[in-house]
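Undergrad: Quick one, what's the 3D model for this:
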Amino acid sequence: MNDNINILAIESSCDETSAAIVQNGKVLSNQIATQKVHERYGGVVPEMASRAHIQNIIPVVDVAISDAGINKNDIIAVAFTQAPGLIGSLLVGTCFAKSFAQARNLPLIAVHHMQAHVLAHFIEAQPQFPFLCLTVSGGHTQIVLCRSYLDMEVLGETMDDAAGEAFDKVAKMLGLPYPGGPLVDKYAATGDAHRFKFPTNEMKNYSFSFSGIKTSVLYFLQAERKKDPEFAEKNMGDICASVQHTIIKVLMTKLEKAADDLGIKHIGIAGGVSANSGLRNALIKTGERKGWHVYIPAFQYCTDNAAMIGITAHYKYLQGAFTDLSATPSARASWS
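TA: The predicted model follows:
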């Protein structure tokens, strides 16, 4: 008899099809199929993303099971990203998970994508509760208080653009290809972060706003390009470094305020932008100054991946937090 808790996890919230096997809270495999088709359009095309998920999901799941060294008969539960995300993409993962679970009479576990980003920390580490996490991605920017594995509260979030969205939009203004965020990070390493000043919006409590930064960069580039059409190309490093410095300063100021107000010393970052070298370095330096215990996920667990869905599902499985076949995906879902 197999006593292992083997969970098949599916992640399909945007443009990456991922499947993982998590056994007793340990990741045995984590397969991700990326979609290159969106690069030519400068952003994710929802219909194309859905079609690519349909093509990728069976091969990705097959490889995940094989790489884990188990077979499908060893799987005792199926987890999937229920929300938030692109509805067409979510539907593919949801329907596959339901079909697999129904065919094998297995329990089904619905996972909130942003909660999974937070719990990605627990794949390789064990932060002490209460734990404070800054989740930063293309669609979300939040400060999350974690009292336990499944007891989380959003203390503050962006009121407009997410930080990752701001990075990508600035990259597009600079003529950089999609996805632009990592390229901004790359060029920033070569530039002077204090050469150009960009204003930020002052928000109450732990809320964020990044639309002002994006707009100020737009007007700045328009003015400078009138004087020199090649201004951006000639000053790419300094522009990227200055923009990155501004965004990271906003993020870290709010995170530090929340940590001080709550007296929490265990701090982490999660989400796609947590792969940004400037943000990682800023967290480490602030942690050294404040005496924090800092946690940063491995790069493979920063972007969308099924391992984080599986680790979240593991803790939900232990609490019997299952769903049924009536579960439906949601593009936008409240934190619960």
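Undergrad: what residue ranges in the stretch 1-150 of the chain are flagged as low confidence?
TA: 1-2, 37-38, 41 (pLDDT under 70).
Undergrad: which stretches of it form helices?
TA: Counting by DSSP state H, counting those that start in this stretch, the stretch 1-150 of the chain has these helices, from start to end: 46-67, 87-104, 113-119.
Undergrad: Can you tell me which of the ones you listed is most buried?
TA: By mean neighbour count, with neighbours taken as mean count of other CB atoms under 10 Å, helix 113-119 ranks first of the helices of the stretch 1-150 of the chain at a mean of 26. From N, CA and C alone the C-beta is placed, and that goes for glycine too.
Undergrad: Only C-alpha atoms, please: export it in PDB.
TA: The C-alpha coordinates for helix 113-119 follow below in PDB (Å, rounded to 0.1, in the frame of the first residue of the first chain):
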ATOM      1  CA  HIS A 113      -2.300  31.500  -7.500                       C
ATOM      2  CA  MET A 114      -1.000  34.300  -5.200                       C
ATOM      3  CA  GLN A 115      -1.200  32.200  -2.100                       C
ATOM      4  CA  ALA A 116       0.900  29.600  -3.900                       C
ATOM      5  CA  HIS A 117       3.500  32.300  -4.700                       C
ATOM      6  CA  VAL A 118       3.800  33.000  -1.000                       C
ATOM      7  CA  LEU A 119       4.100  29.300  -0.100                       C
END
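Undergrad: thinking again about what came up before, select, out of the helices of the stretch 1-150 of the chain, the one closest to P329.
TA: Smallest distance to P329 across the helices of the stretch 1-150 of the chain (CB to CB): 3.5 Å, for helix 87-104.
Undergrad: Tell me the helices and strands packed up against the closest one.
TA: For helix 87-104, the elements it packs on are strand 6-11, helix 46-67, strand 77-83, strand 108-112, judged by 3 or more CB pairs under 8 Å, 6 or more residues apart in numbering; DSSP states H and E.
Undergrad: Okay, domains of the chain per the record?
TA: Taking automatic domain parsing as the domain assignment, the ranges for the chain are 6-118+302-318, 127-296.
Undergrad: returning to that earlier point: put together JSON lines for the helices of the stretch 1-150 of the chain, with distance to Y301 on each row.
TA: Formatted as JSON lines, these follow (distance: least, CB to CB, whole Å):
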{"stretch": "helix 46-67", "distance to Y301": "15"}
{"stretch": "helix 87-104", "distance to Y301": "18"}
{"stretch": "helix 113-119", "distance to Y301": "9"}
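Undergrad: out of the ones you listed, nearest to G287?
TA: Per CB to CB, nearest to G287 of those: helix 113-119, 17.6 Å.
Undergrad: Skipping adjacent residues, who's closest to the most centrally placed residue in the chain in space?
TA: Centroid-nearest residue in the chain: G271, 2.6 Å away (criterion: CA atoms, centre = their mean). Of all residues not flanking G271 in the chain, S137 sits nearest, at 3.6 Å (CB to CB, 6 or more residues apart in numbering).
Undergrad: now T141
TA: Among residues not flanking T141 along the chain, T158 sits closest, at 4.2 Å (CB to CB, 6+ apart).
Undergrad: Secondary structure element holding I311?
TA: For I311, the host element (DSSP states H and E) is helix 306-318.
Undergrad: Other residues contacting that helix?
TA: Contact partners of helix 306-318, identified using CB atoms under 8 Å, 6 or more residues apart in numbering, comprise 5, 7-11, 18-22, 24-25, 27, 30-32, 64, 77, 79-81, 107, 109, 111-113, 115-117, 119-120, 122-123, 149-150, 300-301, 322.
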